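1. sequence first, predicted coordinates after that:
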Amino acid sequence: MSLQEIENEIVEEFSVFEDWMDKYSYLIELGNELPEIDAKHKTNENLIRGCQSRVWLVADFREGKVFFEGDSDAIIVKGLVALMLRTLSGRTPEEIMNAKLGFIDTIGLNQHLSPTRSNGLVAMIKQMKLYAVAYNKIAK
Amino acid sequence: MIHCTEDMALDIQTIRKDFPVLDQKVYNKPLVYLDNAATTQRPIQVEEVVSQYYHNGTGNIHRASHFLSDKSTMAFENCRDIIQNFLNAKHREEIIFTKGTTEAINLVAQGFGEVFVGEGDEVIVSEMEHHSNIVPWQLLCDRNNATLKVIPFDDNGVLMVDKLDELITEKTKIISVTYISNVLGTINPVREIIAKAHQHSIPVMIDAAQAVQHTPIDVQELDCDFLAFSGHKIYGPTGTGALYGKKEWLEKMKPYQGGGEMIERVSFKETSFNQLPYKFEAGTPNIIGFIGLAEAIKYVTAIGLEAIAAYEEELLHYATSELLKVDGIRIIGTSPNKSSVISFIHEKAHHYDLGMLLDKLGIAIRTGRHCADPIADHFDISGSARASVSFYNTKEDIDLFIAAMKRVVQMF
């Protein structure tokens, strides 16, 4: 599936929720379903510092694609991490570098993206793109 | 403006009419504002005076050669008198206008620090300080090769004041402590700290950012040497605040910032400084902000801080006992002597998740480390959720908060 198709799929999933609490219940569900990353990966090196919640991100480059694993100590943030992995993991560096991720706004979660909101999500997307840039250089 | 009923209890319904902002919906839910320790809402009286000054125009202060300038200067300086009375300072020039508590502490850390704190000297703060009462002193100690020492607190969040006897040495130059902790809610025994320090002739600075709006303060009775507060935490505009300092200290201190207003005469050879309080007030201040702050303090004074303190204590007790009925809650800060804030964590739900979900139910609280990392480190927690009450909150607010909490924790 293309990046856009995945984004559309997520938008459709969220469109059934009329109530904020249902939306967040679903994020919690997604967070709970995402397997915890191995304790050995929960290092300071992989930690994306947010003021309020912690996010860990691990990247691996195989056969021209970037594979991410992620985790957070806050379950809603972990749900957001799950969405990011679903959209960006297993894609080429170029796809990741060019990803606009408009779905976050469409499903009404752009509140988590404001630059002053220190939940680690903005920093996580930035870090994913930095990995993509780095792997893109290696690939070339 | 009749805010007290005959038995001196607060007439909350009348008070709430002065705060129409509280009567709004967020995410289609009635707003329950319990983030008062971060910032308070402003009554219409403050809004009106501020908009009057914008509407009718202002002139720059202290340069009066025209009507608007005169009028602004009078209103602005009237704020100094109001704060002087509010804190019962001996002299009006002991009130220095600042942007807030943070600037006031920085002013003392520099103005006092550069004169009195040298190599090998010591500054004492407490373990429960807000970063703004840690970092300015740390910077001073770094600059001047001095040492920062810390009064610890116990696991209830009670300051271990007896440790002060070991911490104070002949090298101690100043002690700076918070009156009320913004995380633990602990009311510190500042009188005892000041008395101990004064036995050794050490001046004491009080961070009253969480205190002036909750408890009556008389700086002469406390005998503190410096005291700082922020306007926006006492129902006034943001970007306003004040430093109280004993005249004898302020006179010996170096100016904080250079610029207009703070000078007497400038030449390229030398500059002589203006007298107090202007020596510490470089540049054009937030004129209309301070006019609004004067109105806010008048408003609080009219209700009466004794009545406010009694009512808020009742709310705090009610909220605490109700919150403890929610499964899995642990309260951070269980001092018997507390004011207005309850920090808590849940055994399963992360504080950030709690805050996010409560927000969607209309409940405004704060989450995180509350600019006081050492407190989170003390309890080995990543942060906490914090509800903080004001006199405009009601038991119904608390009930809505608790109902929301019960609903939210079930999701984990």
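-> Perfect, I can see it now.

2. for the chain, give me the ranges with low pLDDT.
-> This is for chain A. Regions of chain A meeting the criterion pLDDT under 70 cover residues A:50-51, A:112-120.

3. my bad, the chain I had in mind was chain B
-> Counting by pLDDT under 70, the low-confidence segments of chain B come to B:1-8.

4. point to the residue nearest the middle of it.
-> B:Ala209 (1.0 Å; CA atoms, centre = their mean).

5. need the nearest residue in space to that residue, chain neighbours excluded.
-> Spatial nearest neighbour of B:Ala209, chain neighbours left out: B:Thr101 (4.1 Å); criterion: CB to CB, 6 or more residues apart in numbering or on different chains. C-betas here are computed from N, CA, C, even on glycine.

6. would you check that the one you found makes contact with B:Phe229?
-> Yes. Counting by CB atoms under 8 Å, B:Phe229 is a contact partner of B:Thr101 at 5.9 Å.

7. before we move on, the earlier item: which SS state does the residue nearest to the centre of chain B fall under?
-> coil (DSSP: H, G, I helix; E, B strand; the rest coil).

8. ditto for B:Glu129
-> Assignment for B:Glu129 (three-state DSSP): coil.

9. isn't it up against B:Ala372?
-> Yes. If you go by CB under 8 Å, B:Glu129 and B:Ala372 touch, sitting 6.8 Å apart.

10. which bits of the stretch 201-350 of chain B sit near chain A?
-> B:Ala349, B:His350 (CB under 8 Å from any CB of the partner chain).

11. now B:Ile151: how far from B:Glu127?
-> The gap separating B:Ile151 from B:Glu127 is 7 Å, by CB to CB, to the nearest Å.

12. next one: B:Val158
-> Applying CB to CB, the value for B:Val158 to B:Glu127 is 11 Å.

13. picking up where we left off before, so what sits against both of B:Thr101 and B:Phe229?
-> Residues within reach of B:Thr101 and of B:Phe229 at once, by CB atoms under 8 Å, 6 or more residues apart in numbering or on different chains, are B:Ala208, B:Ala209, B:Gly241.

14. nearest to chain A among those?
-> Of all the shared contacts of B:Thr101 and B:Phe229, chain A sits closest to B:Ala209, with 19.6 Å by CB to the nearest CB.

15. all strands of the stretch 251-400 of chain B, in order?
-> Along the stretch 251-400 of chain B, counting by DSSP state E, counting those that start in this stretch, strands occupy B:263-266, B:271-273, B:329-332, B:341-346, B:363-364, B:366-368, B:384-388.

16. oh, that last question was meant for chain A, not what I typed.
-> A:47-48, A:55-62, A:65-72 (DSSP state E).

17. how distant is the last one from the center of its chain?
-> Strand A:65-72 sits 8 Å away from the centroid of its parent chain (CA atoms, centre = their mean, to the nearest Å).

18. just the buried positions in it, please.
-> A:Lys65, A:Val66, A:Phe68, A:Glu69, A:Gly70, A:Asp71, A:Ser72 (16 or more other CB atoms under 10 Å in any protein chain shown).

19. same check, this time on stretch B:86-97
-> B:Phe86, B:Leu87, B:Ala89, B:Glu93, B:Glu94, B:Ile95, B:Ile96, B:Phe97.

20. could you point out the longest helix of chain B?
-> As assigned by DSSP state H, the longest helix anywhere in chain B is helix B:67-87.

21. from the contact counts, what lies against the helix or strand following it?
-> Of the helices and strands lying after helix B:67-87 in sequence (DSSP states H and E), the nearest is strand B:95-98. For strand B:95-98, the packing partners by 3 or more CB pairs under 8 Å, 6 or more residues apart in numbering or on different chains; DSSP states H and E come out as helix B:67-87, helix B:101-111, strand B:241-245.

22. let's go with 10 Å and repeat that
-> helix B:67-87, helix B:101-111, strand B:226-230, strand B:241-245, helix B:287-303 (3 or more CB pairs under 10 Å, 6 or more residues apart in numbering or on different chains; DSSP states H and E).

23. paired strands for that strand, with orientation please.
-> strand B:241-245 (antiparallel) (DSSP bridges).

24. gap between the longest helix of chain B and the chain center?
-> Distance, centroid of helix B:67-87 to centroid of chain: 21 Å (CA atoms, centre = their mean).

25. and stretch B:263-281, by the same measure?
-> 29 Å.

26. so B:Ile363 touches B:Tyr33, yeah?
-> Yes. Counting by CB atoms under 10 Å, B:Ile363 touches B:Tyr33, with 8.6 Å between them.

27. quick one: the helices in chain A?
-> Assigned by DSSP H, chain A shows helices spanning A:3-15, A:20-33, A:75-88, A:93-98, A:103-106, A:121-139.

28. what residues sit buried inside the longest one?
-> So the one you mean is helix A:121-139. Neighbour counts over helix A:121-139 (16+ other CB under 10 Å) mark A:Leu121, A:Val122, A:Ala123, A:Met124, A:Ile125, A:Gln127, A:Met128, A:Lys129, A:Tyr131, A:Ala132, A:Tyr135, A:Asn136 as buried.

29. what's the answer for stretch B:50-60, then?
-> Those would be B:Val50, B:Tyr53, B:Thr58, B:Gly59, B:Asn60, for stretch B:50-60 by 16+ other CB under 10 Å.

30. could you do stretch B:112-123 as well?
-> B:Phe112, B:Gly113, B:Glu114, B:Phe116, B:Val117, B:Asp121, B:Glu122, B:Val123.

31. can I get that stretch in PDB, CA atoms only?
-> Extracted in PDB, the C-alpha atoms of stretch B:112-123 (Å, rounded to 0.1, in the frame of the first residue of the first chain):
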ATOM      1  CA  PHE B 112      22.900  41.100  45.300                       C
ATOM      2  CA  GLY B 113      25.100  38.300  44.100                       C
ATOM      3  CA  GLU B 114      27.600  40.400  42.300                       C
ATOM      4  CA  VAL B 115      28.200  42.500  45.400                       C
ATOM      5  CA  PHE B 116      28.000  39.900  48.200                       C
ATOM      6  CA  VAL B 117      28.600  36.400  46.800                       C
ATOM      7  CA  GLY B 118      32.300  35.800  46.000                       C
ATOM      8  CA  GLU B 119      34.600  32.900  45.500                       C
ATOM      9  CA  GLY B 120      34.100  30.100  48.100                       C
ATOM     10  CA  ASP B 121      30.800  31.600  49.400                       C
ATOM     11  CA  GLU B 122      27.600  29.700  49.700                       C
ATOM     12  CA  VAL B 123      24.000  30.100  48.700                       C
END
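
32. can you list contacts of it?
-> Residues from elsewhere that reach stretch B:112-123, judged by CB atoms under 10 Å, 6 or more residues apart in numbering or on different chains: B:106-107, B:109, B:136-141, B:143-149, B:167-176, B:202-203, B:205, B:225-226, B:245, B:249-250, B:252-256.

33. how far out from the middle of the chain is it?
-> Centre to centre, stretch against its chain (CA atoms, centre = their mean), the figure for stretch B:112-123 is 25 Å.

34. could you measure from the spatially most central residue of chain A over to chain B?
-> Nearest to the mean C-alpha position of chain A, by CA atoms, centre = their mean, lies A:Met84 at 2.4 Å. From A:Met84 across to chain B, the span is 17 Å (CB to the nearest CB, to the nearest Å).
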